[in-house]
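>>> Predicted model, plus sequence, below.
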Amino acid sequence: MATSEQWTSLLSWLATQKVPTHEFKAVLQSPSESSHGDRRLVAVQDIPESTSILTLPHNVLLNTNTIPKEFIEGVHGSQLTSTQALTLFLTTYRSTKRASPPADDETSSIKYPFDEYLFTLPTAFPDIPLVWVLEDFYEGNTKVIDAGDAKNFKRMETYLQKNVTTPSQDLFKTYRLMTYTTFRKSHDVLCRFIQDWSSLLPTLRERHPSPFLEELIWAWLIVNTRSVSFDLGHKDHADNIVLAPAFDMANHSPTSRVTAVVTPHALTMYSSAPTGRVRSPLTDRLLEFSGSSSSSGAPPRDPSSSSQPEAPCVIRRGEDITFSYGPHSNPTLLAEYGFIASPAHNPWDSIDVTPLILALFRSGYHPHLQKIDMLKTANYWEDYTIQCDPLECSHRILVALRLLHTASERVSEWWDHVEGQRDEMDEEVEDAVRTTVDQLFSELSARSRALLNTLHSPVLHPAPLGLSSYAFQCLKTLAINESNAISSYPSGM
């Protein structure tokens, strides 16, 4: 089984850090440098249920506690979140490597902590919408634009502030090729990046050499796509994140049973959730886990007992070791990670129809303003979605539409509905809701057809927009999947 040179180098470094690499049950394979998703974590042997695949002690996890402070401190270093601090470290690493002499030059004295791990990280993220947008806005010059220059930041900030209330898909060229759901997810990622850039700006100005915007984007995306949760003792849960060598090489699968287990001293990848007493690969002590056992319903297996039968194998030798990144829809996966999973079916896919529902409530009409306040009070304002499979309007949509069609003098009945004292409103209101839903799907169908026509236009070429063939196919797939879901709606249901 061919393995990656990066993997061999990484294992050598991990071994110097007292990591039990001889117990790893996986290797990294890179069959092609040009194909999408080329790196795969592969099993080197059959792996039974509840079995440790690899274990990483705390000292090899890259985080704000293990990075020397001089690498992440600056004018406002103490105010940085974990995401911002890790981004600063990686940005400085990338810019320093760019400006430093070659590694074999005897004058080179730069030695970065975690250098062997950092060498294994992806070098670019061409299929993530954030990259398309920033390359478009800065006219392909992110490789030379100074990320610490406030003028460069202000250009984008000012542009976005003009559309801060209701962001439009006309903001950027690639936004026009997205479903509304994908656009919203992608724009949320852009706004998070801009916020972190703003916080890092004072410190970036002090860095020598000055980091380029491309290096900042790369660093931020490394953290956004590869960090995992690990209790570091921070009050804000979002700050309890680490970058985990080897662990972060597992690709996503929504059906994967592979589980991450965090203990005070280590992060372990198990083939499935461990139960009962499991021996720690690091300390050799027995750890107690609660929860369901194997799918057969057998009692927890005591690892000290040789009389119990072996657990059924869940990963075969040569199979990919995948990990679920979470209950993510395909639009989320593309916006956050640069790929989609299960093109034909993703159980988490939904359609964001928030602006269509909000438009039904007229802001200049006093009775509607009162109802908007009621929806906000009841926490039912905004976030309106339609589940794709099975096709179903969210409860939030139905609650909002029931209030829309309820007479002002009968809103107490709506409050009874919100508080669970009645399932539906009277027949007149429910009929009006069904009519509005019919109209909603009619509007969605028209928009879907228009987007598909645009994406299949013979004059549309993805390369000038900065899109790879894979990225363009992802946009098409998302549009087709949404269209198929919408077309399954039976009028009047």
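Perfect, I can see it now.
>>> And the helices in the stretch 101-250 of the chain, which stretches?
For the stretch 101-250 of the chain, the helices defined by DSSP state H, counting those that start in this stretch cover 115-118, 129-137, 150-161, 180-204, 213-226.
>>> Surely A378 touches H417?
No. Taking contacts as Cβ atoms under 8 Å, A378 lies outside contact range of H417: 10.0 Å. Yep, even glycine has a C-beta here, placed from its N, CA and C like the rest.
>>> So the two - more neighbours on which side?
H417 (19 against 15; other Cβ atoms under 10 Å).
>>> what about the residue found closest to L121 once you drop the neighbours it is linked to in the chain, neighbour count?
In space, and not counting its chain neighbours, L121 is closest to I222: 5.8 Å by Cβ to Cβ, 6 or more residues apart in numbering. Neighbour count of I222, defined by other Cβ under 10 Å: 23.
>>> Can you name the residues that contact I222?
Taking Cβ atoms under 8 Å, 6 or more residues apart in numbering, we find I222 in contact with L86, T87, L90, L121, P122, L243.
>>> go with 10 Å
Contact analysis of I222 by Cβ atoms under 10 Å, 6 or more residues apart in numbering lists 62, 86-87, 90-91, 93-94, 118, 121-122, 125, 243, 248.
>>> cool, and A359?
Neighbouring residues of A359 by Cβ under 10 Å, 6+ apart: E443.
>>> cool, Y159 as well?
Y159 is in contact with F137, L171, F172, counting by Cβ under 10 Å, 6+ apart.
>>> returning to that earlier point: how much space separates the residue nearest to L121 from L86?
8 Å (Cβ to Cβ, to the nearest Å).
>>> Next, show the common contact partners of these two.
With Cβ under 10 Å, 6+ apart as the test, I222 and L86 both reach L62, L243.
>>> so what pLDDT did T283 get?
Note on T283: pLDDT of 52.
>>> circling back to that earlier point, would TSV of the contacts of I222 with pLDDT and distance to K151 be doable?
As requested, the contacts of I222 are exported to TSV (pLDDT from 0 to 100; distance: Cβ to Cβ, whole Å):
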residue	pLDDT	distance to K151
L62	96	32
L86	96	26
T87	96	21
L90	96	24
T91	96	18
Y93	92	25
R94	93	22
L118	94	30
L121	93	30
P122	92	30
F125	96	25
L243	97	31
D248	92	35
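>>> Now, those that are in strands?
The strands, defined by DSSP state E, take in L243 from those.
>>> export the contacts of I222 to CSV and tack on neighbour count?
Converted to CSV, the contacts of I222 look like this (neighbours: other Cβ atoms under 10 Å):
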residue, neighbour count
L62, 24
L86, 26
T87, 28
L90, 27
T91, 26
Y93, 22
R94, 21
L118, 18
L121, 19
P122, 14
F125, 18
L243, 24
D248, 20
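>>> and which of the contacts of I222 is nearest T385?
Using Cβ to Cβ, F125 is the member of the contacts of I222 that lies nearest T385, at 26.9 Å.
>>> Quick check: closest non-adjacent residue to that closest one.
Using Cβ to Cβ, 6+ apart, the nearest residue to F125 is L221, at 4.8 Å.
>>> OK, contacts around the nearest residue to D231 once chain neighbours are set aside?
Among residues not flanking D231 along the chain, N240 sits closest, at 5.4 Å (Cβ to Cβ, 6+ apart). Contact analysis of N240 by Cβ under 10 Å, 6+ apart lists N63, T64, S82, S227, V228, S229, F230, D231, L232, G233, H234, V262.
>>> so where is the protein shaky, pLDDT-wise?
Residues of the chain meeting the criterion pLDDT under 70: 1-3, 31-38, 73-78, 101-111, 275-311, 344, 491-493.
>>> Centroid-nearest residue for it?
Geometric centre of the chain, nearest residue: E336, 4.0 Å, by Cα atoms, centre = their mean.
>>> the strands in the stretch 301-450 of the chain, which residues?
313-315, 322-323, 350-352, 385-387, 392-393 (DSSP state E, counting those that start in this stretch).
>>> Out of these, flag the one nearest P367.
That would be strand 392-393 among these, by Cβ to Cβ, at 23.3 Å.
>>> what's in contact with that closest one?
Among residues not part of strand 392-393, those counted as contacts by Cβ under 10 Å, 6+ apart are 350-351, 353, 357, 384-387, 398, 401, 433, 437, 440-441, 489, 493.
>>> Show me how to select, in PyMOL, the buried members of the residues you listed.
To isolate in PyMOL the members of the contacts of strand 392-393 that are buried, counting by 16 or more other Cβ atoms under 10 Å, one can use:
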select buried, resi 350+351+353+357+384+385+386+387+398+401+433+437+440+441+489
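>>> Tell me the one of the contacts of strand 392-393 nearest Q421?
Q421 has its nearest neighbour among these in L398, at 15.8 Å by Cβ to Cβ.
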